[in-house]
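>>> Show me the folded form of this:
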Amino acid sequence: MSVAKMIDHTLLKPEATQTEIEQLITEAKQHDFAAVCVNGAWVKLAAAALQESEVAVCTVVGFPLGATTTAVKKFETAEALANGADEIDMVINVGALKAQQDEAVKAEIAAIASLVHEEQAVLKVIIEISLLDEAEIVRACQLAVSAGADFVKTSTGFSTSGATVEAVKLMRQTVGEKVGVKAAGGIRTKEDLQQMIVAGANRIGASTSVMLIN
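Numbers count the residues shown, from 1 in each chain. Just a heads-up that it's a prediction; the model follows:
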């Protein structure tokens, strides 16, 4: 697999304009990235523009805090899928995880997984590693896998820090080979990219994707 095909070309800044989103889409087509990752407001536009291409449309749910209700996350997911999203990156309820409310965390992921898989789409579960200790990272990954996640993802890119090599290694060890690991947040150089892949990431979220592959 080419490195480009491992990258979700990402623009999640709140101030992103339509022109910038269109530029992101053009770059994704040119370089044949795995997906574009955009906020929900841009899914319809991206889906229309990428219809004839191999590039998937990825969007975020419960983003960036994960602290909305399950009902809200379900609505966001259903609307995104109806608008043409192929992949959903959903933020867990981090507070619930930290409070050992594992059944609630798992039930929420399972509810989203069910909606996503009904549409043959892909679910990536963002655990926000910067807010978790090692034991919590392991628990979050185990819950995500048992609830039906296709990937676990390190970070939103909007918390105190992004992906780390140590966390990616730990996540890969925890989920095994059947579930994907997406590293995102702070991956800005080719060296960062390479380190994440060696650590076990098979998907990368980055906003500087074009620079990373050139």
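
>>> pull the longest helix from the chain.
helix 102-118 (DSSP state H).

>>> So which residues make contact with the next helix or strand after that one?
On the C-terminal side of helix 102-118, the closest following helix or strand by DSSP states H and E is strand 122-126. Applying Cβ atoms under 8 Å, 6 or more residues apart in numbering, the contact partners of strand 122-126 are 56, 58, 60, 63, 66, 86-92, 109, 112-113, 116-117, 140, 144, 147-156, 180, 182, 184, 203. From N, CA and C alone the C-beta is placed, and that goes for glycine too.

>>> from the residues you listed, which would you call buried?
56, 58, 60, 63, 66, 86-92, 109, 112-113, 116, 140, 144, 147-156, 180, 182, 184, 203 (16 or more other Cβ atoms under 10 Å).

>>> How about the secondary structure of the most centrally placed residue in the chain?
In the chain, the residue lying closest to the centroid (Cα atoms, centre = their mean) is D89, at 3.8 Å. Three-state assignment for D89 (DSSP: H, G, I helix; E, B strand; the rest coil): strand.

>>> what's across from it in the sheet?
V60, K124 (DSSP bridges).

>>> now it: how far from V105?
Distance, D89 to V105, using Cβ to Cβ, to the nearest Å: 16 Å.

>>> Likewise for T160?
21 Å.

>>> Looking at those two, which has the bigger crowd around it?
Of the pair T160 and V105, V105 is the one with more neighbours under other Cβ atoms under 10 Å, namely 26 against 9.

>>> shouldn't the more buried one be in contact with K98?
No - judged on Cβ atoms under 8 Å, V105 makes no contact with K98 at a distance of 9.8 Å.

>>> and A78, what is it in contact with?
L115.

>>> L131 and S159 touch, don't they?
Yes - counting by Cβ under 8 Å, L131 touches S159, with 6.3 Å between them.

>>> At which residues are the helices of the protein located?
Going by DSSP H, the chain shows helices at 18-31, 43-49, 70-82, 94-98, 102-118, 134-146, 165-175, 190-199, 209-213.
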